[in-house]
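Q: Dropping a prediction and its sequence here:
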Amino acid sequence: SASWWISLNVALAISYRERAHASPGASDNWKRSLGHVKNALNAVVDVFLRNTDIAAVQGLLGLALYFQGTPNPQALFMFAAAAMRLAQSIGLHRENASGASPEAEQRRRVYWIAFILDSDISIRVGRPPVQDIEDYDTHLPTENPPDGRGVLTIDGTRMNYFRLLAQLAQIQRLVIRQLYTVTVRQKSSDDVIERIKSCEDALLSWKKSIHSKLQPQRTFSCKPSYFLQHVLRLHFAYNCCYSNLYQVCVFQANAIERARQGTDGNIAPIVSRSLDAARSALALLSHVHSLGSTYKW
């Protein structure tokens, strides 16, 4: 089927890309990787017009994940949106009655991958997300999955990476809804400041739920590990979301002016911490060279 063909080629494309990272010397791994991507793209129209099953959603998500590491966010944005629409068409945004069965957990995982990509790319490029924040009831990924998928152990410290990503995606959606919709422009400065504070509280609460060794910070204190690239991506996503609070503060010129004059003690610390998050993201760039060229953008 077209869905199977896309998934197969995406798996091969990612595998050759990993080989290219491991041995950056003269080789045709990148050429093979792109060849498999082209194979997958040739079947996309078939999936759009004919396939409405979970395998089709997985195939489109695979393409979105592949393009997550490219300089142009357009492909990621489009494939993440298409995958979410297809997921909605087969009801993945609704919790079914299957409970804790393997099939139900697979549906949840596929949905949350789509949700994570939809939220992340939306806040990065400033475009509206596909999934309505009030129109889904799919349970979060399991805290202790029996198969251990989505759970990383780094330097002896356990991290449910997948669940943390899903929770961060919910906060990203909160930030978009509270601070970046058209209606926010009609709010008073005081109202916007309260919204910013609620978003910051959600981000800080999420950060505290992570083991102190793996919390977002300027440098890694862990030993080198293959899985540190995932922690790095998590930290970048957190810092990007946090620094976006500053952008909203800038739009509220009156609030910023009061902060400079010392008459508003609420906004000044948020501005400071948001700038610190942006600087933390820059400080993490020194780790990127060891993770492969797809992280450079």
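A: On my side now, so go ahead.
Q: E103: neighbouring residues, count only.
A: Neighbour count for E103, taken as other Cβ atoms under 10 Å: 10. Where C-beta positions appear, they are placed from N, C-alpha and C, glycine not excepted.
Q: Phi first, then psi, for it.
A: phi -70, psi -40 (degrees, to the nearest 10).
Q: Same question for D135.
A: According to degrees, to the nearest 10, D135 has phi -120, psi 40.
Q: tally of neighbours for it?
A: Around D135 there are 9 residues (other Cβ under 10 Å).
Q: From L76, how far off is it?
A: 23 Å (Cβ to Cβ, to the nearest Å).
Q: Helix, strand, or coil at V184?
A: With DSSP: H, G, I helix; E, B strand; the rest coil as the basis, V184 sits in helix.
Q: pLDDT score assigned to it?
A: With respect to pLDDT, V184 scores 79.
Q: again with the one 10 residues further on
A: Turning to E194, the model gives it a pLDDT of 86.
Q: next structured bit after the least confident helix or strand in the chain by mean pLDDT?
A: Using mean pLDDT, DSSP states H and E, the weakest-scoring helix or strand in the chain turns out to be helix 253-260, at a mean of 54. Downstream of helix 253-260, the first helix or strand assigned by DSSP states H and E is helix 267-283.
Q: Return the list of helices and strands in contact with that following helix.
A: Contact here means 3 or more Cβ pairs under 8 Å, 6 or more residues apart in numbering; DSSP states H and E; on that basis helix 267-283 packs against helix 189-208, helix 228-251, helix 253-260.
Q: Export those helices to JSON lines and append columns for mean neighbour count and distance to E103.
A: As requested, the helices and strands packed on helix 267-283 are exported to JSON lines (neighbours: other Cβ atoms under 10 Å; distance: least, Cβ to Cβ, whole Å):
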{"stretch": "helix 189-208", "mean neighbour count": "16", "distance to E103": "29"}
{"stretch": "helix 228-251", "mean neighbour count": "20", "distance to E103": "26"}
{"stretch": "helix 253-260", "mean neighbour count": "16", "distance to E103": "50"}
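Q: A80 is nearest to which of those?
A: helix 228-251 (14.1 Å; Cβ to Cβ).
Q: Report the distance from the closest one to the chain centre.
A: Using Cα atoms, centre = their mean, to the nearest Å, the mean C-alpha position of helix 228-251 is found 11 Å from that of the whole chain.
Q: Can you report how many residues lie near K223?
A: 9.
Q: quick one: contacts for it?
A: D155 (Cβ atoms under 8 Å, 6 or more residues apart in numbering).
Q: The residue nearest in space to the middle of the chain and R185: what is the separation?
A: For the chain, D120 is the residue whose C-alpha lies nearest the centre (Cα atoms, centre = their mean; 3.9 Å). Distance of D120 to R185, given as Cβ to Cβ: 24 Å.
Q: P141 too?
A: Counting by Cβ to Cβ, the gap from P141 to R185 is 35 Å.
Q: With W112 instead?
A: From W112 to R185 the distance is 31 Å (Cβ to Cβ).
Q: Which residue of those two possesses the greater neighbour count?
A: W112 (24 against 8).
Q: so that one sits in a strand?
A: No: W112: not assigned to a strand; according to three-state DSSP it is helix.
Q: can you state the direction angle for the helix or strand that N9 is a member of and helix 228-251?
A: Here N9 sits within helix 2-22, counting by DSSP H and E. Comparing the axes of helix 2-22 and helix 228-251 via axes from the mean of the first three to the mean of the last three Cα atoms, to 10 degrees yields an angle of 100 degrees.
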